[in-house]
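Trainee: This is the structure alone, sequence omitted:
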């Protein structure tokens, strides 16, 4: 988990003033066809044209994508074409579920097809980058589950590839299809809260005696399915013999996941980043430990992080897996505080007087998130979680995990686009100009 410099060609620069104020590079709204690279012209889908979908990975979250597309088939004019999974049984069952005529065990055969407009990627995190880049290279748009990638250099490479191809990339933080956060961003930009100084949010759960992401039906003797390609599942991860815990409970192991940070915190901090138009943190601290379930996992079972952003604010995220009592999700400003609620948000001044309210449309719904991508492909609707937001989230959560693993405060090296120990960087303590 040590920091790695990224190649110079993988250094996309995004100005905070532009962040989320435009469509992705593939967007048509306000950009016109001239903004698209020549390779993307064929991917402009007409309003009445059928969108053809492929699926890579159809386990836990992948089955959710199957269900979403199945439910949207008629209303959104979709055609499932192929399902790929390195466990043959899953591929075949997935294809049957969604009515796709092709079940494959090699995702590269799916990408080689020319009758697919976009693919869903719902694999363990260590596969996200490679599959996304290969999908974009094959001329397909992508819906990639969160986090966008496992590591920061991979995220930079994905962002560079998306920019190069101009194809759509929707990152699967489906809460971004709740308009509370874009609405809050507009209100904050218009001065509702005054100077914003802090935000807090959580993702808390209480697991049973098995602990986070453990399956009570899995044990050391659980056999490898005869039709599962274990080496294909491992990919570029360290080679090892069949391990049922790694396969079925991969979120507990750093070879494949970032645990609480990348699986849960990414949902929460992305909300604050969108509302406050944040990009990369200046400094990040991650704290916690393997306190309750020392069962061979190498990622914490209780965790929290604090991010300091150059605009002059901090973001605190709590993630205990031992207690489900939460706390208010809010953004603090000098003039007022904005509280996120189940129905939207409300802003109150220091005396509790309501200054503004918002009743949300949309919600944290995978079907809405897919529909947003469909609308983007057909008419240029702005993506709710584009590559820039996915990249910023990967940076924050990876810095937190690295801080926890090394016992150091991590900083963002803007010049070299990498994380490094904060005390090795020349980082200021004053806000950067807006």
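Mentor: Received the coordinates, thanks. Nothing here was measured: the structure is a model prediction, and the numbers come from that model. Numbers count the residues shown, from 1 in each chain.

Trainee: from here on, contacts and neighbour counts on C-alpha atoms
Mentor: Fine.

Trainee: Go ahead and list the helix or strand containing residue 209.
Mentor: According to DSSP states H and E, residue 209 maps onto no helix or strand at all.

Trainee: Report the contact partners of the nearest residue to residue 339 once chain neighbours are set aside.
Mentor: Closest residue to residue 339 apart from its sequence neighbours, by C-alpha to C-alpha, 6 or more residues apart in numbering: residue 330 at 4.4 Å. With contacts defined as C-alpha atoms under 8 Å, 6 or more residues apart in numbering, residue 330 is in contact with 199, 200, 201, 337, 338, 339, 340.

Trainee: Might one say that the first one is in contact with residue 315?
Mentor: Yes. Using C-alpha atoms under 8 Å, residue 199 and residue 315 qualify as a contacting pair, with a distance of 4.7 Å.

Trainee: what is in contact with these two at once?
Mentor: The contact lists of residue 199 and residue 315 share residue 272, where a contact means C-alpha under 8 Å, 6+ apart.

Trainee: Settle it for me: which of these two has more neighbours?
Mentor: residue 199 (25 against 21; other C-alpha atoms under 10 Å).

Trainee: Can you tell me the SS state at that one?
Mentor: Here residue 199 is recorded as strand under DSSP: H, G, I helix; E, B strand; the rest coil.

Trainee: so who does it touch?
Mentor: 272, 313, 314, 315, 316, 329, 330, 331, 332.

Trainee: quick one: the first one is in a helix?
Mentor: Yes. Counting by three-state DSSP, one finds residue 272 located in a helix.

Trainee: separation between it and residue 310?
Mentor: 14 Å (C-alpha to C-alpha, to the nearest Å).

Trainee: Then the fifth one?
Mentor: Residue 316 sits 15 Å away from residue 310, taking C-alpha to C-alpha as the criterion.

Trainee: Compare these two and say which is more crowded by neighbours.
Mentor: The residue with more neighbours, out of residue 316 and residue 310, is residue 310; 21 against 17, by other C-alpha under 10 Å.

Trainee: tell me the contacts of that one?
Mentor: Contacts for residue 310 (C-alpha under 8 Å, 6+ apart) come out as 281, 282, 430, 431, 432.

Trainee: So the first one, which state does it fall into?
Mentor: Under the three-state scheme (three-state DSSP), the conformation of residue 281 reads as coil.

Trainee: And the pLDDT for it?
Mentor: On the pLDDT scale, residue 281 is placed at 98.

Trainee: again, but for the fourth one
Mentor: What the model reports for residue 431 is a pLDDT of 91.

Trainee: What about it, how many residues nearby?
Mentor: 11.

Trainee: try the second one
Mentor: Here the count is done by other C-alpha under 10 Å, and residue 282 has 23 residues near it.

Trainee: now the third one
Mentor: Using other C-alpha under 10 Å as the criterion, residue 430 is surrounded by 10 other residues.

Trainee: contact partners of stretch 236-255?
Mentor: Stretch 236-255 has contacts (C-alpha under 8 Å, 6+ apart) with 124, 126, 212-215, 218-224, 230-231, 256-259, 263, 297-299.

Trainee: cool, stretch 294-304 as well?
Mentor: Applying C-alpha under 8 Å, 6+ apart, the contact partners of stretch 294-304 are 211-212, 252-254, 258-261, 286-293, 316-322.

Trainee: rerun at 7 Å
Mentor: Residues outside stretch 294-304 that contact it (C-alpha atoms under 7 Å, 6 or more residues apart in numbering): 212, 252-254, 259, 286-293, 317-321.

Trainee: what's the single longest helix in the chain?
Mentor: helix 387-406 (DSSP state H).

Trainee: and residue 388, how many residues sit next to it?
Mentor: For residue 388, using other C-alpha under 10 Å, the count is 20.

Trainee: my bad, should have said residue 190
Mentor: 10.

Trainee: cool, the one 4 residues further on as well?
Mentor: When neighbours are counted by other C-alpha under 10 Å, residue 194 registers 15.

Trainee: List the residues that contact it.
Mentor: So residue 194 contacts 333, 334, 335, 336 (C-alpha under 7 Å, 6+ apart).

Trainee: How far away from the center of its chain is stretch 267-279?
Mentor: 12 Å (C-alpha atoms, centre = their mean, to the nearest Å).

Trainee: What separation is there between residue 188 and residue 382?
Mentor: Separation of residue 188 from residue 382 (C-alpha to C-alpha): 20 Å.

Trainee: correction: residue 222
Mentor: Remark: distance between residue 222 and residue 382 (C-alpha to C-alpha) = 45 Å.

Trainee: so what strands line up beside whichever strand or helix holds residue 307?
Mentor: According to DSSP H and E, residue 307 maps onto strand 302-309. The strands beside strand 302-309 in its sheet (DSSP bridges) come out as strand 283-289 (antiparallel), strand 313-320 (antiparallel).

Trainee: Return the most buried member of these.
Mentor: Most buried of the strands paired with strand 302-309, by mean neighbour count (mean count of other C-alpha atoms under 10 Å): strand 283-289, with a mean of 23.

Trainee: sorry, back to before: whichever of the contacts of stretch 236-255 end up buried, select them in ChimeraX.
Mentor: Buried subset of these, written as a ChimeraX selection, criterion 16 or more other C-alpha atoms under 10 Å:
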select :124,126,212,213,214,230,256,257,258,259,263,297,298,299
